[in-house]
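Novice: A structural model of the following input is requested.
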Amino acid sequence: MAATGLQYLILVVLVHQGVASPVASTIGFVVSSFANYVLNYHFTFRSQESHGPAFAKFMTLVGVGLVLNYGLMQLLVGYGWYYLVAQVCTTGVVFLWNFIGNSLWTFRAYTGP
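Specialist: Next comes the predicted model:
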């Protein structure tokens, strides 16, 4: 929730400075991803995995999430949606992608052979 709030704050500030909303959303997404990693690692999933593998997996999912975020924002705003409404819908889709991917892959407890 905190990382999402950070993304929205960056989005609103940049849009009010004249940055296109898909670009502003993307910048907010990238910045908030680092906060999201720390919060997910320590609090959401309470991971015991070492940071190297966990961060690499997380960033792989973030890369796909980044493409989803930009693409959906571009599409929805292009169809005339108000940028905050478009961001709320986009956030829902990207949240599902990230949560499912992180719970099943990034921070899944390794049980070993």
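
Novice: CA only for contacts and neighbour counts going forward, please
Specialist: OK.

Novice: for the chain, which segments are assigned as helices?
Specialist: 2-16, 21-39, 51-78, 83-101 (DSSP state H).

Novice: who does the first one touch, helix- and strand-wise?
Specialist: In other words, helix 2-16. With contacts taken as 3 or more C-alpha pairs under 8 Å, 6 or more residues apart in numbering; DSSP states H and E, helix 2-16 sits against helix 21-39.

Novice: again with the third one
Specialist: Of the remaining helices and strands, those touching helix 51-78 by 3+ C-alpha pairs under 8 Å, 6+ apart are helix 21-39, helix 83-101.

Novice: pick the most deeply packed of the ones you listed.
Specialist: Greatest average neighbour count among the helices and strands packed on helix 51-78 goes to helix 21-39 (a mean of 20), per mean count of other C-alpha atoms under 10 Å.

Novice: CSV for the helices and strands packed on helix 51-78, including mean pLDDT and distance to Gly71?
Specialist: CSV is the format used below for the helices and strands packed on helix 51-78 (pLDDT from 0 to 100; distance: least, C-alpha to C-alpha, whole Å):
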stretch, mean pLDDT, distance to Gly71
helix 21-39, 92, 8
helix 83-101, 95, 9
